[in-house]
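Student: Structure of the sequence below:
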Amino acid sequence: MSGFESIVGVNPWTALATFCNMIITFLILRHFLFKPVKKMIDDRQQEIDGMYADADRAKAEAKALEQDYRKHLDAAKSERDEILREAVVRAQAKEREILADANAQADAIREKARADIAQERKKAVNELKNDISGIAIDIAEKVTEKEISEKDHEALIEDFIRKMGDAS
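Tutor: Got it, this is the predicted structure:
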């Protein structure tokens, strides 16, 4: 073996010792370095996975809240529309009621005006009768130059008015 050692320069006992040292070093490193580092990496991975799970859960909650918000918003919009429809219906009913009251008041005013006109007409006719009868009495007194009794006076007035009504 000395020929082999001289060419390659490897001592088998040294190679065996080096190999054993390497295995011992590997086992020590694995126990004191690789396992804690692997545990630290696994813990960090679990923490990251937990963060992702929390983020996904928060995203799902946000989506559910958004859907809930949209439902409430749609409900509020439909309630607003219903309130507006009811307000329009009430306003139209109030408008019809006000118009009906106004028309009734206008009709009442017209009827009162007609009644007042009729009353004023009667009053004017009566005043005209009185004026005409006074004039007729004065004329009759002057024509006959005598006093006329109340009964004759009324008969003359009625006759005169009848003739005036026929003429018109």
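Student: burial count for residue 163?
Tutor: 9 (other C-beta atoms under 10 Å). C-beta coordinates here come from the backbone N, C-alpha and C atoms, glycine included.
Student: name the element it belongs to?
Tutor: helix 150-167 (DSSP states H and E).
Student: Pull out the buried positions in that helix.
Tutor: Residues 156-157, 160-161 are the ones in helix 150-167 that count as buried (16 or more other C-beta atoms under 10 Å).
Student: quick one, helices of this protein?
Tutor: According to DSSP state H, the chain carries its helices in the segments 2-8, 12-29, 35-144, 150-167.
Student: In CSV, list these along with mean pLDDT.
Tutor: Shown next, in CSV, are the helices of the chain (pLDDT from 0 to 100):
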stretch, mean pLDDT
helix 2-8, 57
helix 12-29, 91
helix 35-144, 90
helix 150-167, 72
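Student: Tell me the pLDDT of residue 145.
Tutor: Looking at residue 145, its pLDDT stands at 56.
Student: hmm, back to that, ok, so of the buried residues of helix 150-167, who is nearest residue 124?
Tutor: Taking C-beta to C-beta as the measure, residue 124 sits nearest to residue 161 out of the buried residues of helix 150-167, at 13.7 Å.
Student: Before I go, just wanted to say thanks for your time.
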